[in-house]
Each structure stands twice: as structure tokens, then as C-alpha cells.
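[1] just coords:
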């Protein structure tokens with residue numbers, strides 16, 4: 001609770017049981033945190049059997065959760081999805097890539113490829129924030145890439161191989177929606193994510209489901225003698241280590257333990273379909289609420305593109321930043337908008353660990369703040 005004496009006090013009976021609604025790091029279940037102390041692995045070697053057994057179980061659970069094709073491999077590496085963009089530039093893009101950018105994170109991967117000196121200038125298909133861009137075939141392209149979901153805006157993209165792009169690899173950044181939506185990973189060659197969102201863990205790790213074509217491309221590029229290939233960004237080295245159930249560098253063991261606990265919880269709950277239904281219950285409630293208030297409008301106008309885990313809601317005549325400040329002072333946190341959008345809005349995340357009942361409580365709290373705190377209204 002961050003309440004101060006001078007801040008308005010939301011009636012306690014309105015408050016959610018858990019006030020964490022952040023887009024990442026997201027809410028971590030108490031049961032997952034408890035496993036850190038109970039596992040007996042903290043402070044032990046990641047090269048020895050106990051930790052390698054944990055990694056093996058994580059790899060198998062990821063395979064089960066996504067019902068991966070039999071010949072796909074689950075690979076873990078250090079550094080998060082941002083590091084994987086650099087890995088892709090050294091180990092998956094042969095010469096030219098094509099990107100769909102419709103928000104901050106898709107653009108960042110494009111920019112990483114654009115700045116890589118030994119690659120050709122990538123092609124890019126854009127859409128304004130809140131809308132969707134899709135890739136189109138480009139002559140000579142050997143990689144097509146886009147985010148499955150834009151955390152910055154709450155737009156969800158389809159995952160399917162582009163027509164006319166045969167022979168190229170398809171890379172999909174699923175960091176902020178993997179584990180919360182049903183997907184055919186076989187439509188991609190690298191479906192990758194970090195575990196600090198739907199997987200209710202912490203940062204510093206990337207997980208990728210790789211096709212045989214992606215693994216072969218990484219092996220081919222590693223053999224080149226005129227290509228910059230530092231070990232940290234060598235995907236083929238990461239593959240070889242994953243086959244031993246380990247990472248190239250020492251991983252954060254707490255992250256692995258929490259990831260394992262969350263995967264176990266998700267599978268026990270019914271897998272991807274159950275997780276999707278849970279998060280959709282939450283975001284459906286938010287969108288319905290926003291459409292029934294005179295001061296709110298869903299930022300993503302096209303209902304078919306709306307995220308099941310991140311709802312971005314524009315406010316008119318109400319200072320959304322002040323609403324967020326009052327909520328934060330009462331222990332309801334991380335509903336501020338993505339900073340670079342610069343919009344008068346709230347961004348509410350509803351990853352699987354978030355209880356839909358807490359989302360309903362959050363909406364009641366927002367109503368209370370708007371109705372009872374005059375400084376939130378325009379002109380006050």
C-alpha cells in the first residue's frame with residue numbers, strides 16, 4: 001500500500017485483493033515466489049543435475065503448453081527478448097529482413113536490424129499506433145518478423161506464414177501474449193518470449209520455440225568466417241546448450257523457478273485455451289465498461305485487433321494520470337499508459353495470474369475516483 005495522508009482514500013471494500021495490473025513485469029503469484037525458498041536450488045550450479053532437471057522440465061512444459069510440432073526445439077538464453085533481437089540479427093537474418101511495425105516493440109527490432117552493419121537495409125510495413133500492419137513479400141528477403149502483440153498499444157496480430165514468402169524464416173515476438181492466447185507455433189520458425197508477463201516470472205531470460213529451418217540457419221551462419229558472431233549472440237551455441245538443458249551463461253535461478261511454477265499452474269488449469277478464456281473475461285469486462293462510460297473509449301477501435309491481455313483506454317474530460325496517481329496511492333498500481341504514446345489513457349494488463357474479480361474491483365475504483373476526486377476532472 002502506497003497511501004499517504006494527503007491522498008484520497010478509496011473505500012477498502014472497493015479495492016481489489018491484489019492491486020497489480022502492470023504490463024511487465026506483471027503480477028507474480030505468491031505461490032511462485034514461495035517456490036524460490038522451497039526449491040533448494042538457489043546458490044547452486046546451473047551445470048549440475050538439479051538445475052538441469054528444472055530446465056528440462058521447463059522445456060517439456062513449454063512444448064506441452066503450445067503443442068509444438070515434434071521437430072521443434074525449445075531453447076533458453078540470457079538477456080530477454082531485446083537480446084533475442086540481436087541474436088536474430090547475427091544468427092537468423094542472412095542478408096535482408098522484412099518487418100511489420102505497429103508500435104514501439106516491433107519498431108525496436110526493425111531498428112536493431114537496420115543498425116546491424118553486415119545486413120542489408122530491412123524493409124518495413126507500418127501502421128499508426130492502435131492499428132495493425134502486416135508484412136508483404138519482398139524480393140530477396142530471408143526473414144519476416146513482427147510482434148504477436150504490441151504491449152504499448154494493446155493490438156493483437158495474426159500468426160501465419162506470409163503468402164509468397166516461401167523459403168524465408170518467420171520470427172514472431174510473443175513476449176507480452178505468449179501463454180494467454182491460442183496459437184499455431186508451426187506457422188513460425190522462431191516464436192520467442194520473455195517470462196515476465198503471462199508467465200508470471202521475472203526478466204533476464206528468453207525462451208524460443210525453433211523450427212528445424214531456424215536451427216539449420218543458425219548453424220549455417222555460425223560457420224561463416226566473415227560474420228561477427230559473439231558467443232552471447234550465437235544461437236547455434238544456445239541450441240547446443242539447450243540440448244544439455246542449460247543456458248550459455250549463468251541464468252537467474254529465481255526466474256527459472258518462478259517460470260516453472262507458473263507453467264505448472266497454467267497446465268493444471270487447462271492449458272492455453274483455459275488461460276485465454278480467463279484473460280478474455282477480464283478484458284471483455286474492461287472494454288464493456290469503457291464503452292458504457294461517457295469519459296472513456298477503447299484506444300484500439302477495431303474489436304478484432306483488441307488484445308486479450310492489455311486494454312488501453314482513452315479518457316476525455318478526465319485526467320487519467322491523476323486517476324492513476326490516486327489508484328497508486330491506494331495500492332492499485334501500474335495502470336499508467338505506455339510513456340511514449342503520450343496519450344490521456346490508462347493501460348490495464350490482465351495476464352493469467354490476474355484474477356478477473358480484481359479487474360472488476362479495479363473498474364469500480366476508477367469510477368469512485370472519477371466521481372469523488374474533483375482534481376481528476378478537466379477544468380477543476
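    Okay, I see it. These numbers come from a predicted model, not from an experiment.
[2] what ranges do the strands span in this structure?
    Along the chain, counting by DSSP state E, strands occupy 73-78, 97-101, 123-126, 143-147, 149-150, 155-156, 169-173, 190-193, 205-210, 296-298, 310-315, 345-349.
[3] mind putting the ones you listed in a markdown table, distance to residue 338 and mean pLDDT included?
    (Glycine included, C-beta is placed from N, CA and C.) A markdown table is the format used below for the strands of the chain (distance: least, Cβ to Cβ, whole Å; pLDDT from 0 to 100):
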| stretch | distance to residue 338 | mean pLDDT |
| --- | --- | --- |
| strand 73-78 | 26 | 97 |
| strand 97-101 | 15 | 98 |
| strand 123-126 | 17 | 98 |
| strand 143-147 | 13 | 98 |
| strand 149-150 | 9 | 96 |
| strand 155-156 | 12 | 97 |
| strand 169-173 | 16 | 98 |
| strand 190-193 | 18 | 98 |
| strand 205-210 | 21 | 98 |
| strand 296-298 | 15 | 97 |
| strand 310-315 | 8 | 98 |
| strand 345-349 | 6 | 97 |
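[4] who wins for proximity to residue 19 among these?
    strand 345-349 (11.6 Å; Cβ to Cβ).
[5] Report how many residues lie close to the nearest residue to residue 121 once chain neighbours are set aside.
    Leaving out its chain neighbours, the residue that sits closest to residue 121 by Cβ to Cβ, 6 or more residues apart in numbering is residue 114, at 6.4 Å. Counted with other Cβ atoms under 10 Å, residues neighbouring residue 114 total 16.
[6] quick one on the thing from earlier: return the most buried member of the strands of the chain.
    strand 149-150 (a mean of 30; mean count of other Cβ atoms under 10 Å).
[7] end-to-end on stretch 126-139?
    18 Å (Cα to Cα, to the nearest Å).
[8] Which residues belonging to it are considered buried?
    By neighbour count on 16 or more other Cβ atoms under 10 Å, the buried set for stretch 126-139 is 127, 129-130, 132-133, 135, 138.
[9] For residue 199, give its distance to residue 16.
    21 Å (Cβ to Cβ, to the nearest Å).
[10] Pick out whichever of these two has more residues nearby.
    residue 199 (33 against 20).
[11] check contacts around the closest residue to that one other than its chain neighbours.
    Leaving aside its chain neighbours, residue 199 sits nearest to residue 262 (5.0 Å; criterion: Cβ to Cβ, 6+ apart). Residues near residue 262 by Cβ atoms under 8 Å, 6 or more residues apart in numbering: 29, 32, 195, 199-201, 353.
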